[in-house]
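Colleague: Please find the sequence and the predicted model below.
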Amino acid sequence: MHMRRQLPGTAKDPFRLSRNIPALLERLKVRILSHAPDVLVLSGDLLDVPASVIKGNSPDERSLSDWLNDVKSDLNFIKEWLLSVGVPFVVVPGNNDDERSFAEVFSGYGPPIDIAGLRFFCFWDRLSADQQPIRDDVNAVLFQKAISGNEHECAQVHVQHYMIYPPVFAKNKHYHYTTSVDLKKSIDQSGRVLAVLSGHYHPGTLVEGKVLHSGAPAFCEKPFSYRLYDLDEQLPTRVETCILDN
């Protein structure tokens with residue numbers, strides 16, 4: 001989404017229409033209700049928080065606390081919107097979200113959750129110093145439990161901001177994990193994961209197969225795309241990319 005509502009300004013990239021998002025969400029809500037989904041998935045970068053704020057510094061004459069109050073206000077706006085839609089949701093932060101504020105507003109939405117016969121695992125991963133996604137020890141432990149723990153022997157969907165597959169190199173950086181080959185191999189061997197849903201790479205990616213790997217296109221850029229997934233252990237996965245601006 002890269003939203004800015006209470007947050008001043010807009011994204012540095014002119015194609016990211018941060019200030020349009022609140023109005024677009026009202027239109028999206030109507031669409032969502034018409035689709036009648038079982039669950040909504042938001043795969044990170046809900047907000048467009050300045051990098052300096054995420055690092056703990058104010059980018060202007062305002063105090064850092066003022067900026068963080070704006071961050072929490074915008075996150076609460078999205079949370080209230082999600083609750084108003086009335087559909088269960090799964091949400092993870094991205095590299096343009098302030099993780100501490102995110103954890104405070106979306107407290108309780110991180111652990112594995114069962115919805116519509118699927119178990120959703122959320123991975124709050126980060127970028128390395130050279131801006132490549134990494135899976136830290138905490139998320140690696142959760143991943144191993146998901147793919148091998150007896151208590152999680154069920155149909156799963158893995159949600160994270162960053163991509164496992166396909167590998168993408170653009171704008172002089174890697175959008176996939178440093179350990180993406182091993183992660184994909186473990187997922188394939190587990191036989192438990194139906195889909196890996198991510199974001200991060202704004203043009204979007206889609207690889208269909210026994211395991212669906214979908215990087216949703218950025219909603220903040222025209223034509224304001226979103227995806228519908230029909231996931232069933234017994235049937236081939238169906239994917240439809242929809243646009244709001246039509």
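Modeller: Everything's here; your move. Worth saying up front: this structure is predicted, and the values here are computed from it rather than measured.
Colleague: What's the separation between the residue nearest to the spatial centre of the chain and Lys222?
Modeller: Nearest to the mean C-alpha position of the chain, counting by C-alpha atoms, centre = their mean, stands Ser43 at 0.9 Å. From Ser43 over to Lys222 the distance is 19 Å, taken as C-beta to C-beta, to the nearest Å. Backbone N, C-alpha and C define where each C-beta goes, glycine included.
Colleague: re the thing from before, any idea how far the residue nearest to the centre of the chain is from His158?
Modeller: Ser43 is 10 Å from His158, by C-beta to C-beta.
Colleague: hey, what's in contact with both of these two?
Modeller: Leu197 (C-beta atoms under 8 Å, 6 or more residues apart in numbering).
Colleague: show me where the protein has strands.
Modeller: With DSSP state E as the criterion, the chain has strands at 40-43, 89-92, 113-115, 118-123, 126-127, 133-134, 156-160, 169-170, 173-174, 193-198, 205-207, 212-215, 225-232, 235-243.
Colleague: Would you format the ones you listed as JSON lines with distance to Val141 and mean pLDDT included?
Modeller: Output for these, formatted as JSON lines (distance: least, C-beta to C-beta, whole Å; pLDDT from 0 to 100):
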{"stretch": "strand 40-43", "distance to Val141": "21", "mean pLDDT": "97"}
{"stretch": "strand 89-92", "distance to Val141": "17", "mean pLDDT": "96"}
{"stretch": "strand 113-115", "distance to Val141": "18", "mean pLDDT": "95"}
{"stretch": "strand 118-123", "distance to Val141": "11", "mean pLDDT": "96"}
{"stretch": "strand 126-127", "distance to Val141": "15", "mean pLDDT": "95"}
{"stretch": "strand 133-134", "distance to Val141": "14", "mean pLDDT": "98"}
{"stretch": "strand 156-160", "distance to Val141": "14", "mean pLDDT": "98"}
{"stretch": "strand 169-170", "distance to Val141": "28", "mean pLDDT": "96"}
{"stretch": "strand 173-174", "distance to Val141": "23", "mean pLDDT": "94"}
{"stretch": "strand 193-198", "distance to Val141": "17", "mean pLDDT": "98"}
{"stretch": "strand 205-207", "distance to Val141": "26", "mean pLDDT": "97"}
{"stretch": "strand 212-215", "distance to Val141": "22", "mean pLDDT": "98"}
{"stretch": "strand 225-232", "distance to Val141": "25", "mean pLDDT": "96"}
{"stretch": "strand 235-243", "distance to Val141": "28", "mean pLDDT": "93"}
